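Chemist: Provided below are the primary sequence and the corresponding predicted coordinates.
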Amino acid sequence: MRDAHGAGSDHGQLGDAVPDRAPAAPLAGSALDALPASRSPRARAARPAGGWWKATLGLAVFWLLAASPAFLNVGSYWLYLATLTLVYVLAAAGLNVILGYAGQISLAQGAFMGIGGYTVAILVAQHGWPMLAALAAGGFVGFGLGLLVGIPALRMNTHYLAMMTLGVEVVYLAVVTNQGGLTGGARGMSVPVGLRIGPLHLTSGFAYELFVAVVVTLVLGGLVFILRSPWGRAFKGIRENETRAAMLGVNIRAYKLMAFAIGCSVAAIGGGMITPLLGFVDPDTFGLGLSFQLLLMVVVGGRGRFEGAILGALLVTLLPQFLQATQNVYLLVFAALTILLLMYMPRGMVALLDWLWLKILRRPVPELTK
Amino acid sequence: MSLLSAERAPSAAGSPAEPVLRSEGLHMRFGGVVALDGVDIDVPEGGILGLIGPNGSGKSTWVNCASGILRPTSGRITFHGRDVTGWAPHRMYRLGLGRTFQRLENFPDMSLLDNMLLSVQESQGSLASRLFRHTEHAERDRALSLLEFMGIAALKSERAGSLSYGQQKLADLAMALMANPKVVILDEPMAGVNPALIEQLVDRITELNANGTTFLIIEHNLDVVMELCGRLVVLDHGTKIAEGPPDEIQANEDVLEAYFGR
């Protein structure tokens, strides 16, 4: 610790030793040297109150929902939908790293899901790879291509970056449609349904859903690890004030690239779990609409907040199902609800969650609409 | 005592007035506008240099070139004799150059403490090592002592954007100091700050300087400039029109003309 800052500094001595000094008291060197060395208590490193409670509660709710088909008698359609929702949770969380944390827009998230989907399809169906290895490979391919795309794309900002990533999406569609030998072209290719791990053969909808839930939990855990490290702080710093961050030593390009590639990699892992679910992949599976849908999930849920993307993914995938009672106007109703939500809760669904949480804790609640 | 960065390795050349940061023939043009027209400035080690001049004279442009935000059209920037022209800001920072900005520049949606921690996290280790550095006790301690030094430690958990203007100015300086920079450039630190706080800022700067930090200060408040700076450089229309001790500059005809016209 002594040399943590170079220049042989031993500022650690200050710590809590001077708590009752008058605010503007001058800092006389000799006097401070005489102060006893003290370390700040570990507790001070904790996040704002309730962080761990919230995380534990969130994880419990997540798994309660994921495991609910075990004790609820749901049909195969709902199992399929639950699995798909889990995948979207993952892809939206990935986009949230890019958009919500690092503040960079990407309209290519659907394409990167597709890259994962096709990687798994090709490796499993054509080369006989085990599914898990193919899925991991999909994550790496997503990361690598994310870097490759990010190097030129992230030189741009805002709407230029949006157009650039939109271009990536178009290129993806062109490649998978035209490289018939590899991808089956416009007709697509079929993939073995479900998952085989050694003797285990998880083809039932519920078993596969549980597998997806495990992967989603692990990958989300990895994202939490990254976002709680100094990287997460650098991402946010770039979002909040790029110039100042650069002037404080943050290598803007390196961090932007990392955020982008991580988001792409997570999307690819998500996409890789969709192909064995459908047993099939074609260019329409991961179309342009998907990218916009993922963007909607992050914005509606609450960008820059971890639980935001998860909430958004749940809402955007499941709400239309409940709106089917309205039959052919359901899209209209859905769009209207989305617009109202964004108008009156610009911070997204997390604002509602925060509000509820503070109500439960009986703390003063902020206004929802700000 | 090192909060204020006392222990510096003595510079190889040894001379106390050795320039730590220097520009030679610095030109910067934006299209047809010449913002800097061959400016030579030496920032002497251990001193407080004032950079003054009317609005639009090129002060901020010089600072932006020196700190790597702008790449000069021509000319050289050296740091401890090393050519650093066109280096990216984060590399200048790692060499030991800290700065604040004319406007408030912080991370409004992050806590004050996180603002401070971001200000130091890049000063050590590699990109990869930072992914695994989840406990930062030393950094936290330093951040809290600096906030204490500035008198705003009680606000550490507040959103930086919710602090008052003056508090953000103090935080700005604290952030620039986090990584123990050798040279700190302050771009109008007193602008819009109330008199009581100005006094506090002046005290802090004097004290930091006494402990070995070199300052370059752009400031329009001439009382502050006269009080703090051992030496002044005056820019006008992108050229250096005068340089010397404050009392000499005050009497300089060219300077008076630049400010007030004739």
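Modeler: That came through, no problem.

Chemist: Tell me how many other residues surround A:Leu65.
Modeler: The number of residues packed near A:Leu65 is 14, by other C-beta atoms under 10 Å in any protein chain shown. Where you see a C-beta, it was placed from the backbone N, CA and C, and this is true even at glycine.

Chemist: Report the contact partners of it.
Modeler: Counting by C-beta atoms under 8 Å, 6 or more residues apart in numbering or on different chains, A:Leu65 touches A:Ala82.

Chemist: Could you confirm it falls within a helix?
Modeler: Yes. Assessed by DSSP: H, G, I helix; E, B strand; the rest coil, A:Leu65 belongs to a helix.

Chemist: what about chain A, any weak spots by pLDDT?
Modeler: Within chain A, the stretches with pLDDT under 70 are A:1-50, A:368-370.

Chemist: ah, wrong one, I meant chain B
Modeler: Applying pLDDT under 70 to chain B flags the ranges B:1-17, B:262.

Chemist: what residue is smack in the middle of it?
Modeler: The residue lying closest to the centre of chain B (C-alpha atoms, centre = their mean) is B:Ile185, at 1.1 Å.

Chemist: which residues does it bridge with?
Modeler: According to DSSP bridges, the partner residues bridging B:Ile185 are B:Arg99, B:Leu216.

Chemist: Pull the contacting residues for it.
Modeler: Per C-beta under 8 Å, 6+ apart, neighbours of B:Ile185: B:Val63, B:Ala66, B:Ser67, B:Leu97, B:Gly98, B:Arg99, B:Thr100, B:Phe215, B:Leu216, B:Ile217, B:Ile218.

Chemist: tally of neighbours for residue 75?
Modeler: Picking chain A for this. Residues lying near A:Gly75 (other C-beta under 10 Å) number 10.

Chemist: Correction: the question concerned chain B.
Modeler: As a burial measure, B:Gly75 scores 18 neighbours (other C-beta under 10 Å).

Chemist: So it: helix, strand or coil?
Modeler: What three-state DSSP gives for B:Gly75 is strand.

Chemist: Just list the residues touching it, thanks.
Modeler: Neighbour list for B:Gly75: B:Ser23, B:Glu24, B:Gly25, B:Leu26, B:His27, B:Leu36, B:Gly38, B:Val39, B:Thr85 [criterion: C-beta under 8 Å, 6+ apart].

Chemist: In strands only, show me the residues you listed.
Modeler: The strands, defined by DSSP state E, take in B:Ser23, B:Glu24, B:Gly25, B:Leu26, B:His27, B:Leu36, B:Gly38, B:Val39 from those.

Chemist: do the helix or strand harbouring B:Val202 and chain A meet at all?
Modeler: Element membership for B:Val202, per DSSP states H and E: helix B:195-210. Yes. Residues of helix B:195-210 contacting chain A under C-beta under 8 Å from any C-beta of the partner chain: B:Gln200, B:Asp203, B:Glu207.

Chemist: So what's the gap between that helix and the chain middle?
Modeler: Remark: helix B:195-210 is offset 14 Å from the chain centroid, using C-alpha atoms, centre = their mean, to the nearest Å.

Chemist: which other helices and strands contact it?
Modeler: Helices and strands touching helix B:195-210, as assessed by 3 or more C-beta pairs under 8 Å, 6 or more residues apart in numbering or on different chains; DSSP states H and E, comprise helix B:165-177, strand B:214-218, helix B:222-228.

Chemist: thinking again about what came up before, separate out the buried members of the ones in strands among the contacts of B:Gly75.
Modeler: If you count burial by 16 or more other C-beta atoms under 10 Å in any protein chain shown, the buried members of the ones in strands among the contacts of B:Gly75 come out as B:Ser23, B:Leu26, B:His27, B:Leu36, B:Val39.

Chemist: Can you add distance to A:Asn157 and give the residues you listed back as a markdown table?
Modeler: Listed next are those as a markdown table, based on distance: C-beta to C-beta, whole Å:
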| residue | distance to A:Asn157 |
| --- | --- |
| B:Ser23 | 29 |
| B:Leu26 | 27 |
| B:His27 | 27 |
| B:Leu36 | 26 |
| B:Val39 | 30 |
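
Chemist: Going by distance to chain A, which of those residues wins?
Modeler: Using C-beta to the nearest C-beta, B:Ser23 is the member of those that lies nearest chain A, at 17.7 Å.

Chemist: Any idea what the closest one is bridged to?
Modeler: B:Ser23 forms beta bridges with B:Ile41, B:Ile77, as assigned by DSSP bridges.

Chemist: how close does it sit to B:Val84?
Modeler: According to C-beta to C-beta, to the nearest Å, B:Ser23 stands 11 Å off from B:Val84.

Chemist: any shared contact partners between the two?
Modeler: Common contacts of B:Ser23 and B:Val84 (C-beta under 8 Å, 6+ apart): B:Ile77, B:Thr78.

Chemist: pretty sure A:Gly304 is in a strand, no?
Modeler: No. Under three-state DSSP, A:Gly304 sits outside any strand and is assigned coil.

Chemist: sorry, back to before: return the members of the residues of helix B:195-210 next to chain A classed as buried.
Modeler: Taking 16+ other C-beta under 10 Å as the criterion, what is buried in the residues of helix B:195-210 next to chain A is B:Gln200, B:Glu207.

Chemist: mind checking how far A:Leu361 is from chain B?
Modeler: Distance, A:Leu361 to chain B, by C-beta to the nearest C-beta, to the nearest Å: 16 Å.

Chemist: Contact partners for A:Gly249?
Modeler: For A:Gly249, the contact set (C-beta under 8 Å, 6+ apart) comprises B:His90, B:Tyr93, B:Arg94, B:Gln121, B:Glu122, B:Ser123, B:Ala179.

Chemist: Once you drop chain neighbours, what's closest to it?
Modeler: Spatial nearest neighbour of A:Gly249, excluding adjacent residues (C-beta to C-beta, 6 or more residues apart in numbering or on different chains): B:Glu122 at 3.3 Å.

Chemist: is it true that the one you found touches B:Arg91?
Modeler: No. Assessed by C-beta atoms under 8 Å, B:Glu122 is found out of contact with B:Arg91, at 10.5 Å.

Chemist: Tell me which of these two has more neighbours.
Modeler: Just comparing B:Glu122 and B:Arg91: by other C-beta under 10 Å the higher neighbour count belongs to B:Glu122, 23 against 15.

Chemist: so what's A:Tyr88 up against?
Modeler: Neighbouring residues of A:Tyr88 by C-beta under 8 Å, 6+ apart: A:Gly270, A:Gln293, A:Leu294, A:Met297, A:Ala313, A:Val316, A:Thr317.

Chemist: go again using 6 Å as the cut-off
Modeler: Going by C-beta atoms under 6 Å, 6 or more residues apart in numbering or on different chains, A:Tyr88 touches A:Ala313, A:Thr317.
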